[in-house]
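Student: Fold the stuff below for me.
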Amino acid sequence: MSNPCLKCPTDQSCCRDLRGLKVNEAEYTRLFEDKREHLTVSRKGKIFEISALGEFPCPNWDQQCQVYGRRPMDCDLYPYTMGNVFEGDGEVYATYHSRTGCPLTAQLLSPREKAEELIRNFLKDTYGEQCKITVRYDEGAARVYHLARRAASRARKLLIGETT
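Tutor: So this is what the prediction gives:
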């Protein structure tokens with residue numbers, strides 16, 4: 001399987017700065033459980049949120065993605081990103097957005113329908129076929145929050161002398 005991210009001018013910085021990756025239990029067990037010492041893992045309901053510890057990259061990274069052909073749905077979804085997932089009473093509501101720093105967004109961004117299908121399938125695998133699933137593209141307040149976080153991150157990097 002060809003990895004278009006190998007043409008990335010930032011050398012796959014999203015993988016080298018893994019933050020907030022959402023995976024289900026099957027993906028976590030298959031790809032991350034044995035690498036837990038390199039991760040911060042929190043669980044919200046049936047979704048695990050994974051970030052690399054400190055300055056370490058994704059534990060499946062070694063100059064390129066070592067699991068590209070079997071990567072988690074949230075990686076496959078990129079440059080879309082899953083936002084919030086709310087669950088309750090046999091219903092799951094999930095948001096997603098395309099506000100990432102990916103320099104290849106124009107080439108990689110698939111139609112929203114394809115992104116929503118990926119998310120729906122992921123949520124069905126996670127919560128079961130009987131669960132009612134709603135998926136929405138996030139264009140609201142989360143956008144302002146994301147932009148503020150990105151600006152704060154860039155400001156921190158400038159303060160400590162990093163250039164990106």
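
Student: any idea of the pLDDT on Leu147?
Tutor: The per-residue pLDDT reported for Leu147 equals 64.

Student: I meant to write Val144 there.
Tutor: 63.

Student: Would you mind measuring from Leu21 to Glu129?
Tutor: 25 Å (Cβ to Cβ, to the nearest Å). Every residue, glycine included, has its C-beta placed from N, CA and C.

Student: Name the residue in the two with the higher neighbour count.
Tutor: Leu21 (26 against 7; other Cβ atoms under 10 Å).

Student: Torsion angles phi and psi at that one?
Tutor: Torsion angles at Leu21 (phi, psi; degrees, to the nearest 10) stand at phi -70, psi 130.

Student: For it, list the residues it contacts.
Tutor: Neighbouring residues of Leu21 by Cβ atoms under 8 Å, 6 or more residues apart in numbering: Glu49, Ile50, Ser51, Cys58, Pro72, Asp74, Cys75.

Student: Which ones among these lie within helices?
Tutor: Taking DSSP state H as the definition of helices, those contribute Asp74, Cys75.

Student: Most neighbours of all the contacts of Leu21, which one?
Tutor: Cys58 (28 neighbours).

Student: Quick check: it touching Leu18?
Tutor: Yes - with contact defined as Cβ atoms under 8 Å, Cys58 reaches Leu18; the gap is 4.2 Å.

Student: Identify the contacts common to these two.
Tutor: Going by Cβ under 8 Å, 6+ apart, residues that sit against Cys58 and also against Leu18 are Ala52.

Student: Could you tell me which of the contacts of Leu21 belong to strands?
Tutor: Glu49, Ile50, Ser51 (DSSP state E).

Student: Tell me which stretches of this protein form helices.
Tutor: 13-16, 25-31, 73-77, 105-108, 112-127, 141-160.

Student: Please identify the most buried of those helices.
Tutor: Burial of the helices of the chain is given as mean neighbour count (mean count of other Cβ atoms under 10 Å); helix 73-77 ranks first at a mean of 20.

Student: Could you dump the contacts of Leu21 into CSV and include distance to Ser153 and pLDDT?
Tutor: Formatted as CSV, those follow (distance: Cβ to Cβ, whole Å; pLDDT from 0 to 100):
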residue, distance to Ser153, pLDDT
Glu49, 17, 96
Ile50, 18, 95
Ser51, 13, 94
Cys58, 18, 92
Pro72, 23, 97
Asp74, 19, 95
Cys75, 20, 93
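
Student: Could you single out the nearest of the contacts of Leu21 to Gly161?
Tutor: Using Cβ to Cβ, the shortest approach to Gly161 within the contacts of Leu21 belongs to Ser51, at 23.0 Å.
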